[in-house]
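# prediction below, plus the sequence it came from.
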Amino acid sequence: MQYCQKFTGTVKVIWLFSADHSSDSAESMWFAPLLIFAALQGLYGSQLLCRNKYSFCNSLAPTIDWGNGFPPQESEMEDICLKAESYYTCLVECSVLSPDPLDTTTETINATLAVVKEVCNKESRLHREYLRSSECYIDLASTDIGYECGKKAEIMYNGYISYLSESEDVDDADRTRHRYCMERAYKMACVALEILEECGEGAQTTYLELVHRSKYMSPICSRSTVRELREEFIEFLAEDEKQEKNLLQSFNL
């Protein structure tokens with residue numbers, strides 16, 4: 001008997017400072033499935049729902065309140081990790097039992113589960129590296145970094161589209177996904193640069209490893225858009241060599 005079914009919708013995944021947790025938007029009101037450092041991001045795809053009156057998988061996720069144990073300190077990780085592993089395991093099992101060839105989030109869910117298990121393993125390098133930077137992550141989470149980086153990303157994208165319009169025809173066929181990818185990627189890079197400045201290179205490296213290994217951007221960024229990020233968009237930003245190097249590191253999707 002199939003345990004879960006799927007319906008077209010939006011699946012939510014969590015990443016540190018990646019959205020405006022201070023706003024009352026629908027996006028920021030969603031519960032936080034996991035990754036030990038985050039604010040909500042929406043990903044195109046299918047949400048996995050079990051055959052019940054409510055989402056069985058979603059009921060397994062930890063309930064997160066900003067400034068109240070999230071991002072977690074070491075003493076708070078065990079409870080969050082237990083629930084997070086259960087949540088992502090449920091999503092993986094649903095993907096297997098009720099496969100959907102149109103679901104673009106399966107790879108991300110599997111990759112995220114692997115990262116969750118490693119972060120939650122007290123003997124792992126990633127666990128130690130997160131704890132080493134956790135206090136600084138927590139301090140940054142109390143600021144408006146997500147909101148500010150989001151506004152910068154929107155401004156940069158609008159400027160980039162105007163720049164393209166002056167030099168070539170702009171394809172409107174997939175503009176929504178294009179915008180979503182470009183803005184989220186720039187926002188992630190902006191956050192990474194803030195982490196570098198406030199917390200140091202080690203904290204930035206850990207943050208980017210979590211984002212990249214979870215394949216967080218895979219469902220929303222096509223290969224052609226990733227190439228565009230690393231070439232035309234970088235050229236448009238016209239940053240100095242050091243800043244460009246940091247941006248390229250973030251755009252290594």
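That came through, no problem.

# with just CA atoms, put stretch 82-98 into CSV.
The C-alpha trace of stretch 82-98 is given here as CSV (Å, rounded to 0.1, in the frame of the first residue of the first chain):
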residue,chain,number,x,y,z
LEU,A,82,16.1,13.9,15.6
LYS,A,83,13.0,15.6,14.2
ALA,A,84,14.8,16.9,11.1
GLU,A,85,16.1,13.4,10.2
SER,A,86,12.7,11.9,10.6
TYR,A,87,11.2,14.6,8.4
TYR,A,88,13.6,14.2,5.5
THR,A,89,13.5,10.4,5.8
CYS,A,90,9.8,10.6,5.4
LEU,A,91,10.1,12.8,2.3
VAL,A,92,12.7,10.4,0.8
GLU,A,93,10.4,7.3,1.5
CYS,A,94,7.5,9.1,-0.1
SER,A,95,9.6,9.9,-3.1
VAL,A,96,10.4,6.2,-3.5
LEU,A,97,6.9,4.9,-2.8
SER,A,98,5.1,7.4,-5.0
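
# low-scoring stretches of the stretch 151-253 of the chain, by residue?
The stretch 151-253 of the chain contains residues with pLDDT under 70 at 166-174, 253.

# and with 90 instead?
161-178, 180, 184-185, 187-189, 191, 207-226, 234-235, 237-253 (pLDDT under 90).

# the helices in the protein, which residues?
Using DSSP state H, the helices found in the chain span residues 26-29, 56-60, 74-97, 106-120, 125-141, 145-167, 175-199, 201-213, 223-228, 234-237, 241-250.

# could you dump those helices into a markdown table and include mean neighbour count?
(C-beta placed from N, C-alpha, C; glycine too.) Converted to a markdown table, the helices of the chain look like this (neighbours: other CB atoms under 10 Å):
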| stretch | mean neighbour count |
| --- | --- |
| helix 26-29 | 12 |
| helix 56-60 | 18 |
| helix 74-97 | 18 |
| helix 106-120 | 20 |
| helix 125-141 | 17 |
| helix 145-167 | 16 |
| helix 175-199 | 20 |
| helix 201-213 | 19 |
| helix 223-228 | 14 |
| helix 234-237 | 14 |
| helix 241-250 | 14 |
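
# the residue lying closest to residue 110 once chain neighbours are set aside and residue 57, how far apart?
Excluding the flanking residues, the one nearest residue 110 by CB to CB, 6 or more residues apart in numbering is residue 92, at 5.9 Å. When CB to CB, to the nearest Å is the yardstick, residue 92 and residue 57 sit 10 Å from each other.
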